[in-house]
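Asker: The following block contains a protein sequence and its predicted model.
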Amino acid sequence: MSVPTLALDYDGAAQAVSLSRRELERLVACNEIPHCKHGSRVLFSVRELDRWLSERVAAQRGDRRFARRVKS
């Protein structure tokens with residue numbers, strides 16, 4: 001039985017949203033991307049990353065029905 005991946009580390013999250021690790025670290029530092037800290041580890045919920053990315057895409061397309069205010 002396969003267990004679904006619920007959270008990603010920096011490298012996995014960066015790959016999932018097509019950003020460099022450095023850019024992802026900047027977004028975390030500015031609290032512009034959903035994440036949680038577990039001790040010294042930073043984790044990213046797969047579900048929250050998917051929602052965050054969808055909102056960013058919608059905001060760039062100007063589709064305000066699905067986009068919340070997003071910092072660019």
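Answerer: Structure received. Owing to the predicted nature of the structure, the values given are computational and were not obtained by experimental measurement.

Asker: Need phi/psi at the closest residue in space to residue 41 that isn't next to it in sequence.
Answerer: Spatial nearest neighbour of residue 41, chain neighbours left out: residue 9 (6.9 Å); criterion: Cβ to Cβ, 6 or more residues apart in numbering. Bear in mind the C-beta positions are built from the backbone N, C-alpha and C, glycine included. Torsion angles at residue 9 (phi, psi; degrees, to the nearest 10) stand at phi -90, psi -180.

Asker: helix or strand for the residue nearest in space to the middle of the chain, which one?
Answerer: The structure's the chain has its C-alpha centroid closest to residue 49; by Cα atoms, centre = their mean the separation is 3.5 Å. Assigned by DSSP states H and E, residue 49 falls within helix 46-61.

Asker: So which bits of that helix are buried?
Answerer: Judged by neighbour count using 16 or more other Cβ atoms under 10 Å, the buried positions of helix 46-61 are 49, 52, 55-56, 58-59.

Asker: Over to stretch 18-35?
Answerer: For stretch 18-35, burial by neighbour count (16+ other Cβ under 10 Å) applies to 19, 24, 27-28, 33, 35.

Asker: list the contacts for residue 9?
Answerer: Residues near residue 9 by Cβ atoms under 8 Å, 6 or more residues apart in numbering: 41-44.

Asker: ok so, going back, and the residue nearest to the centre of the chain, what does it touch?
Answerer: Per Cβ under 8 Å, 6+ apart, neighbours of residue 49: 8, 13, 16-17, 33-34.

Asker: again, 6 Å this time
Answerer: residue 16 (Cβ atoms under 6 Å, 6 or more residues apart in numbering).
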